[in-house]
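Peer 1: Turn this into a structure:
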Amino acid sequence: MSERWATRCVTLVVVAWVIAGVAVWEKAQAAQDTSAKNRAVQVTETDEQIRIETPELEAAIRKQGYVTGVAAQSFLDKRTGFRDAGFGLDIVDWIMEPGSDAAWRDQLDKELVYDFNNAWHGKTPKRSIEGPQICTRAKSLAPQVIDGKDFVAVTSRFQYRTAAPGRKAGSVWNQSLVFPAGKRYFLSSDKITAVNSSDAMFLRLDMPGHIKHNRGDTFSEVYLSYQGVVPAAEFRESFAPDEKFNYVRGRDKRPERFIRAYHLRNPQTGAAGPWLAGMTLDPDVVSEAWCHQRGYVCLIEEFGGRPIRAGESFSAAFVVGFFDSIDEMNAVYDQYAGHTGLEVDTQGWKLKR
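Peer 2: Residues are numbered from 1 along each chain as shown. Next up is the predicted model:
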């Protein structure tokens, strides 16, 4: 082999090495860029709360005070600059069942008493099985952050401390909130593992959440998939939960999708914002839901309402977030429809039927 030929061979090998090295670097850089995009999530934790920020959203989960779900006005849609307009999202109350507590009301912890035949609870007799109302009375939770590859999740747990006469305290509530990368919504699930038996046990919560307003200044309309679009003017005067816009399983036709949403607007300018929706992914789990006015629009939902034995559990799964239209809500709903639970760990999250 000539000296010139040998030099050319060495040069070609070096060039090949350089090209291969560049290719490997570009691949690594692309992977790093993708990872950075997926991990463009900031989690800040203090003694008071966990704050989550993604390129699409901001949200806070309270540890102290008014707890459960996503904290009031902390849920920000970065695309539009709008926030939720209420007291929080996926906010949790008591374990309940149908029937009056009148026979043992004098023996109840005061906060378990459930008055009815009034403007805020309506005429339907119901009673608390276990308390306290978690959001207002638990006072402190210890939510845990799960930092996944393309999501961040927060899980919470509470064991009920008080019970009606003849019932035990100690049922466990679990909540999971999952914030997927690139989405303007989060997925959630609430689960009760019961220490009591009941013919129709249910959990009460706010879904998506109540609406603070002054004669409809923060929203222009409400969408109820079992009712249709309701203008804000319908909520200028107070009315009871069972007077209108009330859904009861078995009495009313079950909707194909169970979606409740409100169309935000700027209270100063009147400019339209996005919809904020709460979707219960299996309509059959909802036993009752209402949308009534009591100084604010109250969006209470109750799920379960079927026989359960001590040691069993029941749950529901939700999508809560910002959407540009009802059609977009429907499309996202159909993507996740039919599920009642949510499992999550560091390896990923999965909806369960």
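
Peer 1: For the stretch 251-353 of the chain, which segments count as strands?
Peer 2: 258-265, 272-280, 286-293, 297-308, 313-323, 341-345, 348-352 (DSSP state E, counting those that start in this stretch).

Peer 1: JSON lines for those, including distance to residue 69 and mean neighbour count?
Peer 2: (C-beta placed from N, C-alpha, C; glycine too.) Shown next, in JSON lines, are the strands of the stretch 251-353 of the chain (distance: least, Cβ to Cβ, whole Å; neighbours: other Cβ atoms under 10 Å):
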{"stretch": "strand 258-265", "distance to residue 69": "15", "mean neighbour count": "25"}
{"stretch": "strand 272-280", "distance to residue 69": "10", "mean neighbour count": "23"}
{"stretch": "strand 286-293", "distance to residue 69": "17", "mean neighbour count": "23"}
{"stretch": "strand 297-308", "distance to residue 69": "12", "mean neighbour count": "21"}
{"stretch": "strand 313-323", "distance to residue 69": "9", "mean neighbour count": "24"}
{"stretch": "strand 341-345", "distance to residue 69": "14", "mean neighbour count": "18"}
{"stretch": "strand 348-352", "distance to residue 69": "17", "mean neighbour count": "15"}
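
Peer 1: Tell me which of those sits nearest to residue 113.
Peer 2: Nearest to residue 113, of all these, is strand 297-308, at 17.5 Å by Cβ to Cβ.

Peer 1: Counting by contacts, list what the closest one packs against.
Peer 2: strand 198-206, strand 258-265, strand 272-280, strand 286-293, strand 313-323 (3 or more Cβ pairs under 8 Å, 6 or more residues apart in numbering; DSSP states H and E).

Peer 1: Turn these into CSV, columns for mean pLDDT and distance to residue 191.
Peer 2: Shown next, in CSV, are these (pLDDT from 0 to 100; distance: least, Cβ to Cβ, whole Å):
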stretch, mean pLDDT, distance to residue 191
strand 198-206, 98, 9
strand 258-265, 98, 18
strand 272-280, 98, 14
strand 286-293, 98, 15
strand 313-323, 98, 4
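
Peer 1: Which of the ones you listed sits closest to residue 232?
Peer 2: Short answer: strand 258-265, nearest of the helices and strands packed on strand 297-308 by Cβ to Cβ, at 8.5 Å.

Peer 1: and the angle for that closest one with strand 272-280?
Peer 2: 160 degrees (axes from the mean of the first three to the mean of the last three Cα atoms, to 10 degrees).

Peer 1: So which other helices or strands are in contact with strand 258-265?
Peer 2: Counting by 3+ Cβ pairs under 8 Å, 6+ apart, strand 258-265 packs on strand 219-224, strand 272-280, strand 286-293, strand 297-308, helix 326-336.

Peer 1: for the ones you listed, which one sits closest to residue 211?
Peer 2: Smallest distance to residue 211 across those (Cβ to Cβ): 3.9 Å, for strand 297-308.

Peer 1: follow-up on the earlier one: okay if I get the helices and strands packed on strand 297-308 as TSV plus distance to residue 170?
Peer 2: Converted to TSV, these look like this (distance: least, Cβ to Cβ, whole Å):
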stretch	distance to residue 170
strand 198-206	14
strand 258-265	30
strand 272-280	27
strand 286-293	23
strand 313-323	13
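
Peer 1: which one of these lies closest to residue 70?
Peer 2: strand 313-323 (7.6 Å).

Peer 1: and the closest one, how far out from the chain's middle?
Peer 2: Centroid separation for strand 313-323 versus its chain: 5 Å, with Cα atoms, centre = their mean, to the nearest Å.

Peer 1: Next, the angle from that strand to strand 258-265.
Peer 2: 30 degrees.

Peer 1: Sheet-wise, list the partners of strand 313-323 with their directions.
Peer 2: Its sheet considered, strand 313-323 pairs with strand 185-193 (antiparallel), strand 272-280 (antiparallel) by DSSP bridges.

Peer 1: Next, the angle helix 326-336 makes with it.
Peer 2: Relative orientation of strand 313-323 and helix 326-336, computed by the same axes, to 10 degrees: 140 degrees.

Peer 1: Output strand 313-323 as PDB, nothing but the C-alphas.
Peer 2: Provided in PDB are the C-alpha atoms of strand 313-323 (Å, rounded to 0.1, in the frame of the first residue of the first chain):
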ATOM      1  CA  SER A 313     -64.500   0.100  48.500                       C
ATOM      2  CA  PHE A 314     -66.000   2.300  45.800                       C
ATOM      3  CA  SER A 315     -64.500   5.100  43.700                       C
ATOM      4  CA  ALA A 316     -64.900   7.500  40.800                       C
ATOM      5  CA  ALA A 317     -62.500   9.000  38.300                       C
ATOM      6  CA  PHE A 318     -62.600  12.500  36.800                       C
ATOM      7  CA  VAL A 319     -61.000  14.800  34.300                       C
ATOM      8  CA  VAL A 320     -60.900  18.500  35.500                       C
ATOM      9  CA  GLY A 321     -59.500  21.300  33.400                       C
ATOM     10  CA  PHE A 322     -59.700  24.000  30.800                       C
ATOM     11  CA  PHE A 323     -61.300  23.600  27.400                       C
END
